[in-house]
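> when you get a sec, could you give me coordinates for this:
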Amino acid sequence: MVRNLISTILFCFPFPVLYSQEFIHDPHAFGTNIAAGGIDQPRFQFVDIDGDNDQDLFILDRDERLWFYRSAGGTLKLEPETTFDLKAGSWFHFLDIDHDGDVDCFTNGSFSEVSLYTNTGTSSIPQFQLTSAALLDTSGIELFSERFSIPTFADIDGDGDDDFFSGGSIGSITFFKNIGTPNIPQFTFITSSFGGINIQGGPGSIHKAMHGASGIEFFDADSNGVLDLFWGDYFNPSLYFLYNKGTKQNANISLVDSTYPNEAVIQSYGFNIPQHVDIDADGAVDMMVGSVFPSTEVDNFFFYKNAGTNAVPLYVLQTKNFLPMIDAGSRSSVAAADFDGDGDVDLVIASAFGTVQIHDNTGTKSAPQFQAQPQSTIMLENNFYATVSAGDVNSDGTMDLMIGNFDGRISTFANTTTDGVISFAKILFPLDQYDAGQNSAPCIVDIDNNGTNDLLVGSSGGQVVLFKNSGTNASPIYTVDLSFTNIDVGNDAIPFTADIDNDGSLDLLIGNSDGILYHYRQSKSSSSTFEVVTDKFQNIALTTQASPCVIDIDNDGDNDIILGNGKGGIFYYRNAGTLSSPTTHRAAPSDLEVSYNYPNPFNPSTTIVFSLPEDGLVSIEIFDILGRSVETLTNGNMKSGKHSAMWNATNARTGTYFCHFVVNNKEGRREFTHRMSLIK
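Predicted structure coming up:
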């Protein structure tokens, strides 16, 4: 009888629930900087921006945002909303150009012109104002710096002010001398071949001279009072060191080494950007190096500790990833679920080069914590631009994975977790040979609310295809739903579904290659028709690929958002909105009202709110997909008015459940059944 009842599900009357959404970017919810988004091509500078005598950090990454990490107690923490009203181009450089005790900022415009933001605040409370969109030299010509080269400033002639140097892709340096005063800078062009320097090099396997974009820094390498030159070239996997044999006033710079430092040679793909700075405040100047070569997606932010002295430095490599955070490389995609059955949410992250990282939750279900390094990694063969989705594909009560690939194929991995160690193994699946279109992005979803898994698949063209399952979860039969045709988000559609606003129907979030989140809403429960709500959900805009995942990861009753992105890490947006029943209600409502459970999906608890018009006998019972009784929440007499019942499903497995509500009073017997999704 119960199974017959479930097979003809009668959805309960919706009881209004007040729901206010406010998603807050929280990079430290899982540990310091763990959800800071990853680091891909760090054009960086350490600078004491707030005058507290420690080194803060700015990083201009591939997403074209200038990210600020404030130093506090020796720890650098991302402040994602702190922008100082600065708009950086392809490079930036802080220094006190007007010698007023606070740092100003140089950057470039869209045509490679040099721009200046002057600090109109103080050394402790900076406030930047664009004072020159294009600086002019004494002849009225704009200062120019090649867009992808990183220039620098230095007092090369010992006159107390900073001159401007810009590297060129032909292997030379352009020199603009500051002929103004320390307080009022004025630049004049001197030469496009400073010091006669011409860098020609490249990897040893290439038998011809090469040169490319550069990042340069002047620093007194041996504390003799004159500035030497360090040069990162596009084609050099290390650094060039050019020694100054001249004086403070008259530089005489020549190439000494192309593999600096000799005691710990830098090895990357190339284009290494140096900065000498005492990062650990021990009095010895260390060296930081960022590799901005396009394919350097991890191991790209080096810390070389100076174990010697400033006069005789001895550099020791400490780490190639200076800021620990989750970082799978580039173009990350996230699946979140309780993969090991311990009651909290774990993470699986796929990336562009076919790696799948498994991050077990080392915290609790209400205070999740993750380590920067994964517990294990799956290397996928012949896989590129991998995207991942979680769901119970074989009806065994555990969460499995579907992984899309650049060639349109979709692979399925069954959960083989043993003794709490999360693991997966590839299995055969009906869609193995289907070509879903380039950069396939699967999303497992029960779109028609019938207890079986359907599948949404995004592709590089920006469209999403719906595969309806007319079979079972154990033996699916997929056919394309041709009525699902109104989705187009530009390029690289990556879909995810959840009832974000708790209205009983699905919401569809789709990220695209520009980092924008499109929001579509199911026209009615169980329908294949979706209507666009906005192309900028919550005004989230990453500028590089966005891959959404929606889940109540902190177990507070509302859905949060985790975003994979082009830099390979994760961004976490905590839902700080409110979810509650209406504050005004009748003591004795004129009719029976029963809400959908919220949240739904849920982990591990959910609440059913209902109002009785008069006293009666109330029974609320939970059944599983096979019609077996799981738990009785209440069975007894209740007074008229508003009530609630909570189901704590800690001991239940991931899957589909049904809440069966029965009330008997003088008006007779009334029953309602609705579906619930437990996702661990």
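
> show me where this protein dips below the pLDDT cut-off.
1-20, 201-210, 578-593, 595-596, 680 (pLDDT under 70).

> repeat that for 50
1-19, 203-207, 579-590 (pLDDT under 50).

> strands of the stretch 351-500 of the chain, start to end?
355-359, 376-379, 387-391, 400-404, 410-415, 424-427, 441-445, 454-458, 464-469, 478-480, 494-498 (DSSP state E, counting those that start in this stretch).

> the stretch 501-650 of the chain too?
Counting by DSSP E, counting those that start in this stretch, the strands of the stretch 501-650 of the chain are 507-511, 517-522, 530-534, 546-551, 560-565, 570-575, 578-580, 593-594, 605-612, 616-624, 629-638, 641-648.

> adding distance to Asp40 and mean neighbour count, write these out as a markdown table.
For the C-beta atoms, the positions are set from N, CA and C on the backbone; glycine is no exception. Output for the strands of the stretch 501-650 of the chain, formatted as a markdown table (distance: least, C-beta to C-beta, whole Å; neighbours: other C-beta atoms under 10 Å):
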| stretch | distance to Asp40 | mean neighbour count |
| --- | --- | --- |
| strand 507-511 | 17 | 27 |
| strand 517-522 | 20 | 22 |
| strand 530-534 | 28 | 15 |
| strand 546-551 | 15 | 26 |
| strand 560-565 | 9 | 26 |
| strand 570-575 | 14 | 24 |
| strand 578-580 | 36 | 14 |
| strand 593-594 | 50 | 20 |
| strand 605-612 | 39 | 22 |
| strand 616-624 | 45 | 18 |
| strand 629-638 | 46 | 13 |
| strand 641-648 | 42 | 15 |
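
> got those strands as JSON lines, with distance to Pro430 columns?
Formatted as JSON lines, the strands of the stretch 501-650 of the chain follow (distance: least, C-beta to C-beta, whole Å):
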{"stretch": "strand 507-511", "distance to Pro430": "23"}
{"stretch": "strand 517-522", "distance to Pro430": "25"}
{"stretch": "strand 530-534", "distance to Pro430": "24"}
{"stretch": "strand 546-551", "distance to Pro430": "24"}
{"stretch": "strand 560-565", "distance to Pro430": "26"}
{"stretch": "strand 570-575", "distance to Pro430": "31"}
{"stretch": "strand 578-580", "distance to Pro430": "38"}
{"stretch": "strand 593-594", "distance to Pro430": "38"}
{"stretch": "strand 605-612", "distance to Pro430": "32"}
{"stretch": "strand 616-624", "distance to Pro430": "25"}
{"stretch": "strand 629-638", "distance to Pro430": "30"}
{"stretch": "strand 641-648", "distance to Pro430": "34"}
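
> coming back round to it: can I get the strands of the stretch 351-500 of the chain in a markdown table with mean neighbour count?
A markdown table is the format used below for the strands of the stretch 351-500 of the chain (neighbours: other C-beta atoms under 10 Å):
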| stretch | mean neighbour count |
| --- | --- |
| strand 355-359 | 23 |
| strand 376-379 | 14 |
| strand 387-391 | 27 |
| strand 400-404 | 27 |
| strand 410-415 | 22 |
| strand 424-427 | 15 |
| strand 441-445 | 26 |
| strand 454-458 | 25 |
| strand 464-469 | 22 |
| strand 478-480 | 13 |
| strand 494-498 | 27 |
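
> circling back: quick one: closest of the strands of the stretch 501-650 of the chain to Thr452.
strand 616-624 (14.6 Å; C-beta to C-beta).

> list the helices and strands the closest one packs on?
Helices and strands touching strand 616-624, by 3 or more C-beta pairs under 8 Å, 6 or more residues apart in numbering; DSSP states H and E, are strand 605-612, strand 629-638, strand 641-648, strand 655-665.

> ok now it, how far from the chain's centre?
How far strand 616-624 lies from its chain's middle: 42 Å, per C-alpha atoms, centre = their mean, to the nearest Å.

> equivalent analysis for stretch 35-45, please.
On C-alpha atoms, centre = their mean, the centre of stretch 35-45 falls 11 Å from that of its chain.

> ok, which stretches of this structure are helices?
2-7 (DSSP state H).

> ok, back up a step: would a markdown table of the helices and strands packed on strand 616-624 with distance to Pro261 be doable?
Formatted as a markdown table, those follow (distance: least, C-beta to C-beta, whole Å):
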| stretch | distance to Pro261 |
| --- | --- |
| strand 605-612 | 56 |
| strand 629-638 | 65 |
| strand 641-648 | 59 |
| strand 655-665 | 57 |
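
> if we compare the ones you listed, which one ends up closest to Phe94?
Closest among these, using C-beta to C-beta: strand 605-612, at 49.2 Å.
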